[in-house]
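In: My questions concern the predicted model and sequence given below.
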Amino acid sequence: MGTSKLRILILFIAGSFSLINCQNKKMEQKYSWLGTVSAPMEYPMEVYKGGIIADDFTYSFDAIWGTQNTGWGNEGGTMSVETRQMDIPNKLEFTWYSLVENTFYTGKWDLDKEKIKGLFEKGFIDQDNGKKTTYTNFIVGLAPKGKVVLWINGPGNQKEVGVFQAHDTIITQEKAYDNAKYMLKEGFAERMLKDPSYETFKPETRVKIEKEGYPAPDIYEAYREKFNWKPTVILPEGSEWIDFGLNNYNGEQENLFGETLTGDTYKSRAVPKFCGFYWRDKNKNRYAVWVDAFDEKEIFERFHQLGKEKNIDLIIKVNADNTGASLSLKNEKEELPIKNSKVRFSRKIE
């Protein structure tokens, strides 16, 4: 075979490969997603700049986002974008100012694209309409000491998809871009933290900080610890358990109903922070129960007492007229009472 024919053959093969790659890229499923920021209520963070980055799209953050401290794992605001369908993101970069620590942090990280793709593809069933849906938001969690957590979020469901470590950095007034220069003004952090007129903190958060100080900076890592547990609801005779929603200390959320409620649903989960459920009595009257808050010290102690070796049931036993409930944690060896939770009960729901 002549050299020119060989060259044409090589070019043809190479061209075929690039065409296959091109087709694979085109076939890759796109999804609609936006981004937002989360930070602990006690640790307000000032957004400097950042991006959730896909091959065809970057969801950007800058100083317009201002101070963020909606609570760990809770969504902040979102900015709408014109793009309707995006590739799955593969990179995250973020720079922010931690007011309490008076420190700028920055970092760039690769995302686990396959893990995110799997979650998008699997999605979940929307309880309201019984149809399959999927996640719509990424939440960038900014914690003290430069800890970053990325969650993916959809109605009633939130999963952790990455944990990263930023490093501290120095940004000067001269170096900062115009819209971010306010962060570098003398005494900015102190005013935001100390002057109640700025309303950086909710009044109850301010009182808690004054009384107990700021939470230990590494607690947001401790929140990620998991135990093998499931909820168990004990109702009056003839009643029906409808669903169970839970928010965990690590920022993850689940909504259980149907098979995910009644099946063998022991699963590796973080400690619950909030939960609630609906039930019907034998006359088909509907009621709700919400555990608005566990006592953090108590609930963590109870989980640690029962340990990770055995399956654990979080038991909520409701009385006949939906005015009281007893809570406990139980494994096959022992049952421990949970006494210091704030539980709320609905009247009959028509």
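Out: That came in fine, so what should we check first? Keep in mind that this is a model prediction, so the values were computed, not measured. Numbers count the residues shown, from 1 in each chain.

In: Show me the helices in the protein, by range?
Out: 3-27, 113-122, 188-194, 203-212, 219-222, 259-262, 296-306 (DSSP state H).

In: Looks like residue 85 contacts residue 54 (just checking).
Out: No: the pair residue 85 and residue 54 does not pass the contact test of CB atoms under 8 Å, sitting 10.5 Å apart. Every C-beta, even on glycine, is put in place using the N, C-alpha and C of the backbone.

In: Worst mean pLDDT among the helices of the chain?
Out: Out of these, helix 3-27 stands lowest, with a mean of 47 (criterion: mean pLDDT).

In: follow-up on the earlier one: more neighbours: residue 85 and residue 54, which one.
Out: residue 54 (20 against 11; other CB atoms under 10 Å).

In: beta partners of that one?
Out: Note on residue 54: beta-bridge partners by DSSP bridges are residue 57.

In: low-scoring stretches of this structure, by residue?
Out: 1-27 (pLDDT under 70).

In: Which parts of it belong to which domain?
Out: 34-169, 223-345 (automatic domain parsing).

In: Distance from the chain centre to the last one, please.
Out: Centre-to-centre, domain 223-345 and its host chain are 19 Å apart (CA atoms, centre = their mean, to the nearest Å).

In: Stretch 118-129 now?
Out: Counting by CA atoms, centre = their mean, stretch 118-129 is centred 16 Å from the centre of its parent chain.

In: CA atoms only for it - export them in CSV, please.
Out: Provided in CSV are the C-alpha atoms of stretch 118-129 (Å, rounded to 0.1, in the frame of the first residue of the first chain):
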residue,chain,number,x,y,z
GLY,A,118,-26.1,8.1,38.7
LEU,A,119,-28.2,10.2,41.1
PHE,A,120,-29.7,12.3,38.3
GLU,A,121,-30.6,9.1,36.3
LYS,A,122,-32.1,7.3,39.3
GLY,A,123,-34.0,10.3,40.6
PHE,A,124,-36.9,9.6,42.9
ILE,A,125,-40.7,9.4,42.9
ASP,A,126,-42.5,12.6,43.7
GLN,A,127,-45.1,11.7,46.4
ASP,A,128,-47.5,14.4,45.3
ASN,A,129,-48.1,13.0,41.8
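
In: For residue 198, find the nearest of the domains of the chain.
Out: Of all the domains of the chain, it is domain 34-169 that lies closest to residue 198, at 8.5 Å by CB to CB.

In: Surely residue 125 and residue 132 touch.
Out: Yes: at 5.8 Å, residue 125 counts as touching residue 132 under the criterion of CB under 8 Å.

In: which of these two has more neighbours?
Out: residue 125 (16 against 10).
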